[in-house]
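Peer 1: Curious how this folds, go ahead:
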Amino acid sequence: MSDEARTPGSGQEQVRPDPPREQGEEVSRPLIELRGVSMRFRTQQVLRDISLDIERGQTVCFIGESGCGKTVMLKLIIGLLRPTTGTVLFDGRDIAGLHGKDLIKLRLRFGFLFQMAALFDSLTVYDNVAFGLREHHLCDEAEVRRIVADRLQEVGLPAGLERKKPAELSGGQRKRVGLARALALNPQVMLYDEPTTGLDPIMTDVINELILQTKKSQQATGIVVTHEMKTVTKVADRVVMFFPLARLGPGDPQIIYDGPPEGLDDAADARVRQFVRGEAGERLREMAQQRTST
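Peer 2: This is a model prediction of the structure:
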């Protein structure tokens, strides 16, 4: 599917994604490449020397304890943050070197489902989903209406809900509206930040099914930050587990697992097995040692 075919609508002047590269180059190199990436906020280092490739069409789950840098990774990949050191490449281009319209073109190739959906409270559901299309002048209003209706139907929301405000929706409905808004731009890459947080088990599975559906219908690459192991086992082609830097030695790698979801239970690293099984014994011992040392 070409970038032009993926751009919704026509009419007004549009900010279009960059044209695709030569076919051989596109097939041979990963879509997203991180090379020696570190991220520091003042005195706090969150990521250290991360090198990682993400292939086209792959769904990757980032897992690990809170505070280990998973959401920071998403923001680096989309260019919301720039690494302290190292390089983030998207489709062979250094994201740190993009500015203005070039950076807008890059971000139009991404959809981002935020942890709490991040809907605009003052806008209706319809206007939330239409926001990106209107903001970037991607199509006329008739096409906006068609796309909004299609996307709301795609995520299973009933007719009539488009007139409501976010405050009138359940948590699961807000998540689905956020997903519809992200999908309105037909993204090449979908980023999901804790997509099932705060949802009941049934709605969690609904969101998981929608992630799978998005991969199939949009042929999209997916990156999912989650603590929900049912999400991992259901949607992931690959799992990358990060470990908090504060609990690592100077030379220890921060990525402690990178492989298929079915390998997590029998991973060689005990920290991986403890995390996926929810076994807190080792962590409780560390916390007790910290208390006695202080």
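
Peer 1: Just the pLDDT at R6, thanks.
Peer 2: Per-residue confidence (pLDDT) for R6: 39.

Peer 1: per-residue confidence for the residue most central in space within the chain?
Peer 2: In the chain, the residue lying closest to the centroid (C-alpha atoms, centre = their mean) is L191, at 1.8 Å. pLDDT recorded at L191 is 95.

Peer 1: Would you check that it makes contact with L113?
Peer 2: Yes. In this structure, L191 is within contact of L113 by C-beta atoms under 8 Å, at 7.0 Å. Backbone N, C-alpha and C define where each C-beta goes, glycine included.

Peer 1: hmm, back to that, gap between the residue nearest to the centre of the chain and A180?
Peer 2: Distance from L191 to A180, counting by C-beta to C-beta, to the nearest Å: 15 Å.

Peer 1: now E141
Peer 2: As defined by C-beta to C-beta, E141 lies at a distance of 18 Å from A180.

Peer 1: between these two, which one's more packed in?
Peer 2: A direct count of neighbours by other C-beta atoms under 10 Å for E141 and A180 places A180 higher, at 26 against 12.

Peer 1: State the pLDDT value of that one.
Peer 2: With respect to pLDDT, A180 scores 93.

Peer 1: Equivalent analysis for the one 4 residues further on, please.
Peer 2: Per-residue confidence for A184 comes out at a pLDDT of 91.

Peer 1: and stretch 148-157, average pLDDT?
Peer 2: Averaged across stretch 148-157, pLDDT comes to 92.

Peer 1: So which bits of that stretch are buried?
Peer 2: Going by neighbour count (16 or more other C-beta atoms under 10 Å), the buried part of stretch 148-157 is 148, 151-152, 154-155, 157.

Peer 1: got these as JSON lines, with secondary structure and distance to K165 columns?
Peer 2: Shown next, in JSON lines, are those (DSSP: H, G, I helix; E, B strand; the rest coil; distance: C-beta to C-beta, whole Å):
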{"residue": "V148", "secondary structure": "helix", "distance to K165": "15"}
{"residue": "R151", "secondary structure": "helix", "distance to K165": "18"}
{"residue": "L152", "secondary structure": "helix", "distance to K165": "15"}
{"residue": "E154", "secondary structure": "helix", "distance to K165": "21"}
{"residue": "V155", "secondary structure": "coil", "distance to K165": "18"}
{"residue": "L157", "secondary structure": "coil", "distance to K165": "14"}
